[in-house]
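Asks: No sequence on hand, only this structure:
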């Protein structure tokens, strides 16, 4: 990974790295779609990027070491461990005193649920700006 001499690593500010010709070794540590998506994006933007799959044994001063013993050096480590969300915080929902299993309902526009009146849920995009979808829902739901 460290195929560029330290002399070319003058500018360590990522916002000006490309203009200065700086080189950064980036490790994306992820499980699931967020890590894969971030890695695929980097491969598209930076040809010659390599993807290594393995179990992390430990982080080291220079980067990290895999369980296989392979050492990966990095200037930047991005943790893309996925998004674990509990729909509406797993609140207990009742309609007229009868519990409702939210998993058995049908959603409308990812906002409202069948057989549950006057309930809207805001859940942003997972692969784009979270607030973009939240704003769209807020515009859609009356009184929000």
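Replies: That came in fine, so what should we check first? Because the structure is a prediction, the values reported are computed rather than measured. Numbers count the residues shown, from 1 in each chain.

Asks: Going along the chain, name the helices of the protein.
Replies: 17-20, 33-45, 130-140 (DSSP state H).

Asks: May I see those organised as CSV, with distance to residue 107, mean pLDDT and mean neighbour count added?
Replies: Quick note: C-beta positions are derived from backbone N, CA and C, even for glycine. What follows is these, written out as CSV (distance: least, C-beta to C-beta, whole Å; pLDDT from 0 to 100; neighbours: other C-beta atoms under 10 Å):
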stretch, distance to residue 107, mean pLDDT, mean neighbour count
helix 17-20, 42, 53, 12
helix 33-45, 20, 71, 15
helix 130-140, 12, 85, 13
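
Asks: Quick one, which of those gets closest to residue 122.
Replies: Comparing those against residue 122 with C-beta to C-beta, the closest turns out to be helix 130-140 (4.8 Å).

Asks: contact partners of that closest one?
Replies: For helix 130-140, contacts defined as C-beta atoms under 8 Å, 6 or more residues apart in numbering pick out 109-111, 120, 122-125, 144.

Asks: and residue 69, what is it in contact with?
Replies: residue 57.

Asks: Before I go, just wanted to say thanks for your time.
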